[in-house]
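Asker: Predicted model follows, preceded by the sequence.
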Amino acid sequence: MTKTEEAPAAPGALRSWLMKGVREEHPAHLAPHPSPQQTEKTHHWWQVMCLTGVDYFSTLGYQPGIAALAAGAISPIATVVLVALTLLGALPVYRRVARESPNGEGSLAMLERLMSFWKGKIFVLVLLGFAATDFIITMTLSAADATAHLVENPHLEPLLAGHQVAVTLFLLALLGAVFLRGFKEAIGVAVILVVIYLALNVVVVVTVAFEHVIAQPFLWTEWKRALIEQHGNPWVVVGIALLVFPKLALGLSGFETGVAVMPHINGHPEDTPAHPLGRIRGAKRLLTTAAVIMSIFLITSSVVTTLLIPPTEFEPGGAANGRALAYQAHEYLGSTFGSVYDASTIAILWFAGASAMAGMLNLIPRYLPRYGMAPQWARAVRPLVLILTLGAFIITIIFHADVDAQGGAYATGVLVLITSAAVAVTLAARKARQRGLTVAFGVVSLIFIYTTGANILERPDGVKIATVFIAAILIVSLASRFARAFELRVTDVAFDKTAQLFIRDTARRTIRFIANEPDSRDRAEYSDKLRQVSRDNDLADPNDVIFIEITVTDPSEFASYLDVTGEAQHGRYRVLTLSSSTVPNALAALLLAVRDRTDRTPHIYFEWTEGNPAANLIRFLFFGVGEVAPVTREVIRRAEPDRERRPHVHVG
């Protein structure tokens with residue numbers, strides 16, 4: 001076989017590789033299932049914790065330096081405030097999110113349930129925009145920070161200086177390559193990096209820095225004197241700490257990714273899709289363990305870096321700027337250990353984007369395909385990895401791999417998501433009539449609202465960047481929804497016994513349906529409709545027909561399940577009733593299902609819809625009704641390529 005003859009096979013092989021793990025839906029009359037299929041192996045909760053922890057724990061690489069630069073001598077107190085908010089605020093909030101939304105949808109699903117129709121969809125898309133801001137900026141910022149550590153290494157600076165963008169792009173491509181292999185490989189890498197990094201930090205913080213602090217008690221005295229000289233009143237110190245701590249709330253994105261990757265946690269054999277209690281317990285252990293570990297490290301690292309490192313070294317250009325613990329590793333343990341610590345920090349910062357990538361790979365397939373706002377390939381991991389990696393490339397190039405330039409957008413995305421989660425659990429507790437929890441979660445919500453507002457006022461560029469993400473998601477999602485408007489959009493069609501009897505009876509002759517918009521449903525309505533359709537279409541036996549009546553539920557939903565019920569109205573009119581998000585697509589699915597069930601081609605009869613065709617098309621796109629007859633025919637045409645097998649559509 002020649003090379004020319006072999007070429008056509010390549011696209012098929014590429015498509016198979018990209019779509020690996022996604023169940024194909026061959027029957028033409030059924031739309032793809034709206035929920036993503038679980039194809040990846042699940043893991044122990046502590047392994048999944050490491051995947052989210054590469055983001056959460058990696059903030060130790062720069063958090064102590066940021067705290068010292070923002071708060072000075074007050075840094076340990078501001079860090080205690082942050083830890084208190086983490087353990088008493090964020091942790092209880094996300095433990096409740098894990099219980100209320102155990103399938104990886106996160107707090108977005110809780111808020112989605114509170115809103116119906118298009119306003120709910122648009123609200124979720126806006127939050128997804130902030131999630132994209134958080135997660136993608138996590139990828140680009142962490143990779144850029146890893147690059148900064150590489151460039152600052154005295155051995156590599158001559159080679160890498162001036163090539164920050166290229167190095168960052170390489171690290172992002174390497175991260176994407178890991179996820180193209182699969183979640184199993186990503187979790188394996190995360191476990192190794194987290195174990196090594198935390199072990200090294202134990203050495204630096206506990207066994208070394210604390211030894212020097214304990215051996216030099218005058219450091220505590222000098223620190224207390226500095227607090228009194230600078231601020232005078234202890235209450236002023238606390239007040240400043242409360243004002244400063246929003247700048248430190250960067251690593252809290254680990255909570256959102258922690259609930260987003262819940263489907264990868266091992267459950268209990270008795271778990272059910274509706275009540276995966278084993279998975280929920282694992283997620284709560286994940287969140288609690290990560291929060292406790294990080295809280296211990298945050299407080300201890302803040303204390304030792306504030307006491308042992310001169311304030312001038314935290315300033316831009318200083319040796320401890322953005323790398324306080326690395327500075328101490330070199331200072332107290334020598335260049336060899338310091339280089340090992342640098343390598344570990346660079347590795348975990350590079351892979352910190354893995355938790356963000358995992359979060360997006362779980363969130364996107366659970367919302368956009370279900371809304372009809374993404375192509376079918378969005379259910380697959382590998383195409384999404386390529387798209388997200390490309391997006392990270394673009395952000396890196398726009399910001400020139402500058403860590404500081406991306407900090408505002410990162411903090412804004414993190415805090416908006418946490419605030420939305422706090423509000424969601426507050427409303428959930430209120431709905432459950434849990435008065436004490438409602439008040440407690442309400443207080444937490446107010447604190448996060450303040451934190452988010454303070455961050456936005458100080459760094460408004462974060463909102464600007466998030467707005468770009470939101471606008472892009474809205475435009476692409478709505479365009480995709482309109483492009484897919486003529487798909488079948490039905491997951492299954494089920495008939496009750498009466499409906500089956502009606503269809504089986506008419507299948508002996510010619511199957512004829514009349515589309516009827518239900519109104520009063522009295523005898524006159526059916527007789528008038530039958531007379532009108534018979535006159536318009538010259539039916540030989542107008543009594544041998546079945547009426548179809550569809551009740552539109554939520555027109556913003558994309559896919560739906562059709563439960564067809566048969567009724568005998570007024571002793572003589574046979575009626576099939578069903579509910580759907582859209583009339584034309586449901587009619588098309590019903591006709592094709594009847595054809596497949598009876599092996600007979602059915603006929604359906606319509607009246608022309610009054611009004612402007614353009615306005616009716618808009619009504620169909622947004623409200624599921626409008627120009628029903630031509631749209632039904634178009635849906636059938638696209639679903640059934642064989643013209644001879646298409647149900648017949650008559651309009652009078």
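Answerer: In hand now; what should we look at?
Asker: these two touch, right, Thr491 and Tyr561?
Answerer: Yes. Counting by C-beta atoms under 8 Å, Thr491 does reach Tyr561; the two are 5.2 Å apart. No exception for glycine: its C-beta is placed from N, CA and C like everyone else's.
Asker: who's more crowded, those two?
Answerer: Taking neighbours as other C-beta atoms under 10 Å, Thr491 and Tyr561 compare with Thr491 leading, 17 against 13.
Asker: Confirm that one sits in a strand?
Answerer: Yes. Assessed by DSSP: H, G, I helix; E, B strand; the rest coil, Thr491 belongs to a strand.
Asker: Distance of it relative to Phe558?
Answerer: Relative to Phe558, Thr491 is positioned 10 Å away (C-beta to C-beta, to the nearest Å).
Asker: Using the three-state scheme, assign Thr551.
Answerer: Going by three-state DSSP: Thr551 is strand.
Asker: For this protein, give the strand that spans the most residues.
Answerer: Assignment by DSSP state E gives strand 560-569 as the longest strand of the chain.
Asker: Note down every partner strand of it and its orientation.
Answerer: If you go by DSSP bridges, strand 560-569 pairs up with strand 490-495 (parallel), strand 573-580 (antiparallel).
Asker: wait, which of these is closest to Gly120?
Answerer: When the strands paired with strand 560-569 are compared by C-beta to C-beta, strand 573-580 sits nearest Gly120, at 18.0 Å.
Asker: how far does that closest one sit from the chain's center?
Answerer: 37 Å (C-alpha atoms, centre = their mean, to the nearest Å).
Asker: now do stretch 420-436
Answerer: 21 Å.
Asker: could you show me where the strands are in this structure, in order?
Answerer: Taking DSSP E to define them, one finds strands in the chain at 490-495, 512-515, 546-552, 560-569, 573-580, 603-606, 648-651.
Asker: got the ones you listed as JSON lines, with mean pLDDT and distance to Ser16 columns?
Answerer: Shown next, in JSON lines, are the strands of the chain (pLDDT from 0 to 100; distance: least, C-beta to C-beta, whole Å):
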{"stretch": "strand 490-495", "mean pLDDT": "86", "distance to Ser16": "24"}
{"stretch": "strand 512-515", "mean pLDDT": "87", "distance to Ser16": "40"}
{"stretch": "strand 546-552", "mean pLDDT": "88", "distance to Ser16": "38"}
{"stretch": "strand 560-569", "mean pLDDT": "86", "distance to Ser16": "29"}
{"stretch": "strand 573-580", "mean pLDDT": "88", "distance to Ser16": "33"}
{"stretch": "strand 603-606", "mean pLDDT": "88", "distance to Ser16": "38"}
{"stretch": "strand 648-651", "mean pLDDT": "88", "distance to Ser16": "36"}
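Asker: In CSV: these, plus distance to Arg96.
Answerer: Shown next, in CSV, are those (distance: least, C-beta to C-beta, whole Å):
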stretch, distance to Arg96
strand 490-495, 30
strand 512-515, 46
strand 546-552, 34
strand 560-569, 30
strand 573-580, 32
strand 603-606, 49
strand 648-651, 50
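Asker: low-scoring pLDDT stretches of the stretch 251-400 of the chain, where are they?
Answerer: Counting by pLDDT under 70, the stretch 251-400 of the chain has low-confidence residues at 251-253, 374-379.
Asker: wait, doesn't Ser420 sit right on Leu127?
Answerer: Yes. Ser420 is in contact with Leu127 according to C-beta under 8 Å; the separation is 5.8 Å.
Asker: Which residues are in contact with each of the two?
Answerer: Between them, Ser420 and Leu127 share these contacting residues under C-beta atoms under 8 Å, 6 or more residues apart in numbering: Leu108, Leu111.
Asker: buried set for stretch 472-485?
Answerer: For stretch 472-485, a neighbour-count test (16 or more other C-beta atoms under 10 Å) marks Ile473, Leu474, Ser477, Leu478, Ser480, Arg481, Arg484, Ala485 as buried.
Asker: as a whole number, average confidence for that stretch?
Answerer: When pLDDT is averaged along stretch 472-485, the result is 80.
Asker: how about it as PDB, C-alpha atoms only?
Answerer: Output in PDB follows, covering the C-alpha atoms of stretch 472-485 (Å, rounded to 0.1, in the frame of the first residue of the first chain):
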ATOM      1  CA  ALA A 472     -14.500  34.600  26.300                       C
ATOM      2  CA  ILE A 473     -16.400  31.800  28.100                       C
ATOM      3  CA  LEU A 474     -19.800  33.500  27.500                       C
ATOM      4  CA  ILE A 475     -19.100  34.200  23.800                       C
ATOM      5  CA  VAL A 476     -17.700  30.700  23.000                       C
ATOM      6  CA  SER A 477     -20.400  29.000  25.100                       C
ATOM      7  CA  LEU A 478     -23.400  30.800  23.600                       C
ATOM      8  CA  ALA A 479     -21.900  30.400  20.100                       C
ATOM      9  CA  SER A 480     -21.500  26.700  20.700                       C
ATOM     10  CA  ARG A 481     -25.100  26.400  22.100                       C
ATOM     11  CA  PHE A 482     -26.500  28.100  19.000                       C
ATOM     12  CA  ALA A 483     -24.400  26.000  16.700                       C
ATOM     13  CA  ARG A 484     -25.700  22.800  18.400                       C
ATOM     14  CA  ALA A 485     -29.300  24.000  18.600                       C
END
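Asker: Give the closest residue to Ala499 in space, chain neighbours not counted.
Answerer: Of all residues not flanking Ala499 in the chain, Gly566 sits nearest, at 3.6 Å (C-beta to C-beta, 6 or more residues apart in numbering).
Asker: List the contacts of the one you found.
Answerer: Contacts of Gly566 by C-beta under 8 Å, 6+ apart are Phe495, Asp496, Lys497, Thr498, Ala499, Gln500, Leu501, Phe502, Arg574, Val575, Leu576, Thr577.
Asker: Give me the buried entries from those residues.
Answerer: Neighbour counting by 16+ other C-beta under 10 Å classes Phe495, Thr498, Ala499, Phe502, Arg574, Val575, Leu576, Thr577 among the contacts of Gly566 as buried.
Asker: so what's the first one up against?
Answerer: Spelled out, it's Phe495. Contacts of Phe495 by C-beta under 8 Å, 6+ apart are Ile503, Val564, Gly566, Arg597.
Asker: cutoff 10 Å now
Answerer: 501-504, 562-566, 576, 578, 590, 593-594, 597 (C-beta atoms under 10 Å, 6 or more residues apart in numbering).
Asker: picking that back up, any idea which of the strands of the chain gets closest to His163?
Answerer: strand 490-495 (50.5 Å).
Asker: which parts of stretch 133-145 are buried?
Answerer: Buried residues in stretch 133-145, counted by 16+ other C-beta under 10 Å: 133-145.
Asker: what do you get for stretch 215-223?
Answerer: Quick answer for stretch 215-223 (16+ other C-beta under 10 Å): Leu219.
Asker: so where is the stretch 1-150 of the chain shaky, pLDDT-wise?
Answerer: Looking at the stretch 1-150 of the chain by pLDDT under 70, you get 1-12, 14-15, 17-40, 70-71, 116.
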